[in-house]
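Visitor: have a look at this prediction, sequence included:
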Amino acid sequence: MKRIYNFNAGPSALPLPVLEKAQSEFLNFNESGMSVMELSHRSKTYDEVHQKAKQLLKETLHIPDSYDILFLQGGASLQFAMIPLNFLQENKKAYFVLTGSWSEKALKEANNIGKTEVIASSKDSNYTFIPKDFSVDSIDDVAYLHITSNNTIYGTQWQQFPNSTIPLIADMSSDILSRELNVEQFDVIYAGAQKNLGPSGVTVVILKKDLLEKANENIPTILKYKTHASKNSLYNTPPTFSIYMLSLVLEWVQSEGGLAKIEQRNKQKAEMIYQIIDESEGFYKPHAEKDSRSYMNVTFTLPSDELTKAFLEKANEQQFIGLNGHRSVGGCRASIYNAVPVEACEKLSEFMYKFYKQNY
Ligand code: PMP
């Protein structure tokens, strides 16, 4: 069977054992005589899938009982709007740290709804780093602080989260489940599934129950977190197949030794590629500053557009796909989420080394 080296930014690689398990029970799930996709979302068989996904997420991320876990639709992009709709009160403002296009989009939506303030930004440097020296003061009139934990496009990642008494909200779309995490540092965590959690279609939201008590009431029912929390994410038809796939991915994460092991492996994978970049005498230029580098998206440029084109063409021939950088950064990006095997990163590093030696 042909499997390619998949460095797509999302939707992206899924663990092979997960795909195989899904395939093996595709036509007849749990002796139901139906595919998971054909089950009623109100059936007992589906309910077990739903509860299992929730329970596994709770165990894997050590989510305390004081948090709700929601499975929503609309991607992380809908969360950009749902968060201010629910939590940005009229007399308050939302703080933002801008670290890339996704935080800009989150800010734009919040601006449509209420008052905001950018307290730190690396925009002037085309988002090459995660700002560190900022203070989080004037607590009384601040509803929350929003950050993007990993910047998929620019290849930067928070290595230490801000310590603040202000409710902290994080878009973790591109690094959730990639490393150990103290959920209690956050009031809301949200993530579209299509990188480390499963296929696209489900958005995971983890939120502190306390916060729900203070949520705005005068918004449409379907946009209230309270609606989904009170109905166990079954207010309307959930993306059942994506939730099923999420449960398989979580089982896989556990079978691989949990987040500690996954984190170790992700670091090993990323360091392999960064090492080639660093030792290439400036041939490969990393986009991110060293202490802000992402373990999920490795971004770099080559000396010219011709070389970038040749690199991508050669890579394609050798079965490496998805290496083209986002248009706002240019160059190349290797997205090396949990499901990208160590072997794929080894092969890519070898390829990058040879290409540099031949073209330097
Ligand atoms: N935030 C981040 C960090 C992302 O990487 C993405 C998608 N690549 C989004 C938000 C938007 O997600 P969606 O397409 O699920 O709305």
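Guide: Thanks, I have it.
Visitor: so which residues of the chain form strands?
Guide: 5-6, 67-72, 93-98, 115-121, 142-148, 150-151, 156-157, 168-171, 188-192, 203-208, 285-286, 297-301, 320-321, 332-335 (DSSP state E).
Visitor: elements contacting the first one?
Guide: The one in question is strand 5-6. When contacts are defined as 3 or more CB pairs under 8 Å, 6 or more residues apart in numbering; DSSP states H and E, strand 5-6 packs onto strand 320-321, helix 342-359. Bear in mind the C-beta positions are built from the backbone N, C-alpha and C, glycine included.
Visitor: contact partners of the shortest one?
Guide: By CB atoms under 8 Å, 6 or more residues apart in numbering, the surrounding residues in contact with strand 320-321 are 4-8, 315, 344, 347-348, 351.
Visitor: please produce a ChimeraX select command covering the buried subset of those.
Guide: The ChimeraX command for the buried members of the contacts of strand 320-321 (criterion: 16 or more other CB atoms under 10 Å) is given here:
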select :5,6,7,8,315,344,348,351
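Visitor: show me where the protein has helices.
Guide: With DSSP state H, the ranges of helices along the chain come out as 16-24, 44-61, 75-87, 101-113, 209-213, 225-230, 240-255, 258-278, 305-317, 342-359.
Visitor: tabulate the ones you listed (CSV), appending mean pLDDT and distance to the ligand.
Guide: Output for the helices of the chain, formatted as CSV (pLDDT from 0 to 100; distance: least, CB to the nearest ligand atom, whole Å):
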stretch, mean pLDDT, distance to the ligand
helix 16-24, 98, 19
helix 44-61, 98, 17
helix 75-87, 98, 3
helix 101-113, 98, 4
helix 209-213, 94, 20
helix 225-230, 98, 17
helix 240-255, 98, 11
helix 258-278, 98, 16
helix 305-317, 97, 20
helix 342-359, 98, 20
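Visitor: in CSV, list those along with distance to residue 126.
Guide: Shown next, in CSV, are the helices of the chain (distance: least, CB to CB, whole Å):
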stretch, distance to residue 126
helix 16-24, 36
helix 44-61, 32
helix 75-87, 22
helix 101-113, 11
helix 209-213, 34
helix 225-230, 34
helix 240-255, 33
helix 258-278, 18
helix 305-317, 17
helix 342-359, 23
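Visitor: tell me which of the ones you listed lies nearest to residue 144.
Guide: Closest approach to residue 144 among the helices of the chain (CB to CB): helix 75-87, 5.8 Å.
Visitor: who does the closest one touch, helix- and strand-wise?
Guide: helix 101-113, strand 142-148, strand 168-171, strand 188-192, strand 203-208.
Visitor: residue 135 is nearest to which of these?
Guide: Of those, nearest to residue 135 by CB to CB is strand 142-148, at 11.4 Å.
Visitor: for that closest one, packing partners?
Guide: Strand 142-148 is packed against helix 75-87, strand 93-98, helix 101-113, strand 168-171, with contacts defined by 3+ CB pairs under 8 Å, 6+ apart.
Visitor: so how far is that strand from its chain's centroid?
Guide: Offset of strand 142-148 from its chain centre (CA atoms, centre = their mean, to the nearest Å): 17 Å.
Visitor: what lines up beside it in the sheet?
Guide: strand 93-98 (parallel), strand 168-171 (parallel) (DSSP bridges).
Visitor: now, of those strands, which is deepest in the fold?
Guide: With neighbours defined as mean count of other CB atoms under 10 Å, the strands paired with strand 142-148 peak in mean count at strand 168-171, which reaches a mean of 25.
Visitor: hmm, that one in reach of the ligand?
Guide: Yes. Strand 168-171 is in contact with the ligand by CB under 6 Å from any ligand atom, via residue 171.
Visitor: buried residues in stretch 104-114?
Guide: Of the residues in stretch 104-114, those buried (16+ other CB under 10 Å) are 104-107, 109-110, 113-114.
Visitor: repeat that for stretch 55-74.
Guide: In stretch 55-74, counting by 16+ other CB under 10 Å, buried: 56-58, 60-61, 63, 67-73.
Visitor: taking those together, which two end up most distant?
Guide: Within the buried residues of stretch 55-74, 60 and 73 form the most distant pair, 21.9 Å apart (CB to CB).
Visitor: okay then, goodbye and thanks.
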